[in-house]
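[1] sequence plus the predicted model coming up.
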Amino acid sequence: MPPFPSIYWKANSLGTKRALSPELSRRKLAVSKWPTRTLFLDEIGIFRCRCSLKLLRVLQEQEFERLGSGRTHRINVRVIAATHRDLAEMVKRNEFRSDLYYRLNVFPVMLPPLRERRQDIGLLVSHFVEMFGRKMGKRITCIPNETLSALIAYPWPATSGNFKT
C-alpha cells in the first residue's frame, strides 16, 4: 500500500484554511480531536514527507497551528509508532529524520513477525472471531481444526495486521 500523500496528511491532521477537497473541508481537524489521546502512527518508516518536521513540532511543543491560521492549538498526546523497517539504519542512511526517531524511540517494544510467533495464532483467531461475531450478532463457538491448521501453516509474509483482513 503506498504511503498516504503528505499533502492530505497535513490537511487532515494539521488542517488548512482552504480545503484541498470538498470531503476534507467537511471534516473536523484531526489533531484538534487529540487533546489528550493516544495517536497511533502505523508504518512510520514510510513517513518520508516534509510534514515530518510538523509532526516533530507537534510532539515536542505539544502545539500546532492550522496552515494559513495564526491560532495555536494545545494538545497532549501519547504516541505509539509502528513499523517493520529498521529505523536506526534508515537514520544512518538519511532516509528518516534522526530527531523524529529519537523523539519516537523512547520506549521501544520489539515484536517479532507473526510467522515467528505461530503459537499466538490460536489466540488471535479466538479474539477476531469473538470481535467480528459480536459485530455481526452471531455466536461462534468452534473453529474447525482444518481452518486453524491452515492459518498456522500460512507463511504470513506481512504483519499480523493482515490477520484481520
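    The structure has been received and is ready for your questions.
[2] where does the nearest residue to Arg71 once chain neighbours are set aside fall, phi/psi-wise?
    Excluding the flanking residues, the one nearest Arg71 by CB to CB, 6 or more residues apart in numbering is Glu65, at 6.5 Å. (Glycine included, C-beta is placed from N, CA and C.) Main-chain torsions, Glu65, degrees, to the nearest 10: phi -120, psi 140.
[3] now Glu65: how far from Arg93?
    Note on Glu65: its distance to Arg93, by CB to CB, to the nearest Å, is 32 Å.
[4] mind checking which of these two has more residues around it?
    The neighbour comparison of Glu65 against Arg93 (other CB atoms under 10 Å) goes to Glu65, with 14 against 8.
[5] I figured that one hits Val58, correct?
    No: taking contacts as CB atoms under 8 Å, Glu65 lies outside contact range of Val58: 10.1 Å.
[6] in which helix or strand does Phe40 reside?
    According to DSSP states H and E, Phe40 maps onto strand 38-41.
[7] neighbouring strands of that strand in the sheet, and parallel or not?
    strand 78-81 (parallel) (DSSP bridges).
[8] send me the partner strand as CSV with only the CA atoms.
    This file holds the C-alpha atoms of strand 78-81, laid out as CSV (Å, rounded to 0.1, in the frame of the first residue of the first chain):
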residue,chain,number,x,y,z
ARG,A,78,0.7,9.8,23.8
VAL,A,79,2.3,8.4,20.6
ILE,A,80,2.7,4.8,19.6
ALA,A,81,4.5,4.3,16.3
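[9] can we start the residue count at 669 from this point?
    Understood, numbering begins at 669; the last thing we discussed is strand 746-749.
[10] what packs against the helix or strand that comes right after that strand?
    Using DSSP H and E, the next helix or strand after strand 746-749 towards the C-terminus is helix 755-760. Under the contact criterion of 3 or more CB pairs under 8 Å, 6 or more residues apart in numbering; DSSP states H and E, helix 755-760 touches helix 766-772.
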